[in-house]
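Engineer: I need the structure of the sequence given here:
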Amino acid sequence: MRTLNKVLIGIGIFLCLFVILLLLFSVLIFYFAFIRSSKLEKKGFILKKLKPYQEQIDNGTRWFLTQNYQDVSLTSFDNLTLFARLLKNPKAIGTIILVHGHRGSSLRDFSCVFQYYYNLGYNILIPEQRAHGRSQGKFITWGIKEKYDCLAWIEFVNQEFDSNLPIFLSGVSMGASTVLMALSLPLPANVKGIISDCGFTSPYRLLKNILNSLFIPAIPVLLVVAYYAKVFIGIDIRKESTLEAMKTGNIPILFIHGADDTLVPSWMSVENFNAYQNNKELYVIDHADHGMSYLVAKEKCEQVLKVFLNKYQKK
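Structural biologist: Numbering: from 1, shown residues only. Okay, here's the model as predicted:
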């Protein structure tokens, strides 16, 4: 009888420790994924892999900051003040809204493409997503609430310029999923196309993939994280996805993804591509890691971008 009691006590202690560790680890994942952090934002995810391209990144950032851009802001649907930089082109044929990724920076994520788009004749708007940079917000929602911010910036552009002037949405990583999720909203008719660079299908599936790649059992950790997200942020990361938005959109989409992406697997862009039933193109760039397609294959990407923009700019 004593032996049985000892076994039961041991099992009870083990279960208590397991629950405590589960909750602590879930809190850690929740913090890393959803809570604003200027330290993590500055570090980024794969900056070590960007070192060979640091000079190009610095030059691109410097080019933008030396232009006559404007700091602009708006109020989100939930009363956050969001900031962006707007570079007007005196010979504008359209506007491109560039949306950065998770813990990313507008200036860093798109540094090497600013001058290219400007030389093509586009105004450039680079928002700082909620809970990033100067924009307000405590929580990052992986495109779920950011999609409404994207719509707000589109409306801002249409107030700033002729509402008939074409708009293209471009996003990288979480920014890509943000602009793809915006397809579920009533976008103005002058939104002519979307450029999605290494976007994921859903935050839940991405986090699950990351944990599995680290040999960490995603279940039950993500169930607890999803519960936290629903209680503290009011979002359902298991339900919201770009795949749902793919069912309703009718705007041409250019999908780009690095074949060697170690953060967001390229099959996620393939799934988004296959789910979309309207005008679409997909390019998987060899030897490119996360968000590095333009850096690795600049000429190829510029050719693809130019053809896509020219094709749909006047339609």
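Engineer: Going along the chain, name the helices of the stretch 1-150 of the chain.
Structural biologist: 2-34, 38-43, 47-50, 54-65, 106-109, 114-120, 146-160 (DSSP state H, counting those that start in this stretch).
Engineer: Make CSV from these and add mean pLDDT to it.
Structural biologist: CSV is the format used below for the helices of the stretch 1-150 of the chain (pLDDT from 0 to 100):
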stretch, mean pLDDT
helix 2-34, 71
helix 38-43, 69
helix 47-50, 74
helix 54-65, 94
helix 106-109, 90
helix 114-120, 97
helix 146-160, 98
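Engineer: what's the closest of the ones you listed to L86?
Structural biologist: In terms of Cβ to Cβ, the element of the helices of the stretch 1-150 of the chain nearest to L86 is helix 146-160, at 7.3 Å. All C-beta atoms are positioned from the backbone trio N, CA, C, and that covers glycine.
Engineer: which residues sit against the following helix or strand past the closest one?
Structural biologist: Using DSSP states H and E, the helix or strand that follows helix 146-160 in sequence is strand 167-172. Here strand 167-172 makes contact (Cβ atoms under 8 Å, 6 or more residues apart in numbering) with 94-101, 104, 109-110, 122, 150, 154, 157-158, 177-180, 182, 188, 190-199, 291, 309, 312.
Engineer: could you pull out the helices for the stretch 151-300 of the chain?
Structural biologist: Counting by DSSP H, counting those that start in this stretch, the stretch 151-300 of the chain has helices at residues 174-181, 203-213, 218-228, 242-246, 266-275, 293-296, 298-312.
Engineer: The fifth one - contacts with which helices or strands?
Structural biologist: With contacts defined as 3 or more Cβ pairs under 8 Å, 6 or more residues apart in numbering; DSSP states H and E, helix 266-275 has these neighbours: helix 242-246, strand 253-258, strand 280-285.
Engineer: could you give the angle of that helix to strand 280-285?
Structural biologist: Taking axes from the mean of the first three to the mean of the last three Cα atoms, to 10 degrees, helix 266-275 and strand 280-285 form an angle of 160 degrees between their directions.
Engineer: mean confidence for helix 266-275?
Structural biologist: For helix 266-275, the mean pLDDT works out to 97.
Engineer: swap in the last one?
Structural biologist: For helix 298-312, mean pLDDT rounds to 96.
Engineer: just checking, what packs against that helix?
Structural biologist: helix 114-120, strand 191-197, strand 253-258, strand 280-285, helix 293-296.
Engineer: same thing with the fourth one?
Structural biologist: Contacts defined by 3+ Cβ pairs under 8 Å, 6+ apart place helix 242-246 against helix 174-181, helix 266-275.
Engineer: in it, what counts as buried?
Structural biologist: Within helix 242-246, the residues that count as buried by 16 or more other Cβ atoms under 10 Å are T242, L243, A245, M246.
Engineer: Show the contacting residues for L151.
Structural biologist: By Cβ under 8 Å, 6+ apart, the residues touching L151 are A182, L185, L187.
Engineer: Now that we have these, which of them are buried?
Structural biologist: A182, L187.
Engineer: Of the contacts of L151, just say which sits nearest to I210.
Structural biologist: Taking the contacts of L151 together and measuring to I210 by Cβ to Cβ, the closest member is A182, at 24.0 Å.
Engineer: Wait, A245 touches V179, no?
Structural biologist: No: contact criterion Cβ atoms under 8 Å: A245 and V179 do not qualify, at 9.6 Å.
Engineer: ok, P186 - how many residues close by?
Structural biologist: 5 (other Cβ atoms under 10 Å).
Engineer: hang on, I meant Q159
Structural biologist: Applying other Cβ under 10 Å, we find 9 residues neighbouring Q159.
Engineer: how close does it sit to P265?
Structural biologist: Here Q159 is placed at a distance of 39 Å from P265 (Cβ to Cβ, to the nearest Å).
Engineer: of all the helices of the stretch 1-150 of the chain, which lies closest to N278?
Structural biologist: helix 146-160 (18.1 Å).
Engineer: For that closest one, buried residues please.
Structural biologist: Counting neighbours by 16+ other Cβ under 10 Å, helix 146-160 gives 146-154, 156-158, 160 as buried.
Engineer: ditto for stretch 126-144
Structural biologist: For stretch 126-144, burial by neighbour count (16+ other Cβ under 10 Å) applies to 126-133, 135-137, 139-144.
Engineer: ok, back up a step: taking the helices and strands packed on helix 242-246 together, which one is wrapped up most tightly?
Structural biologist: Of the helices and strands packed on helix 242-246, the one with the most neighbours on average (mean count of other Cβ atoms under 10 Å) is helix 174-181, at a mean of 30.
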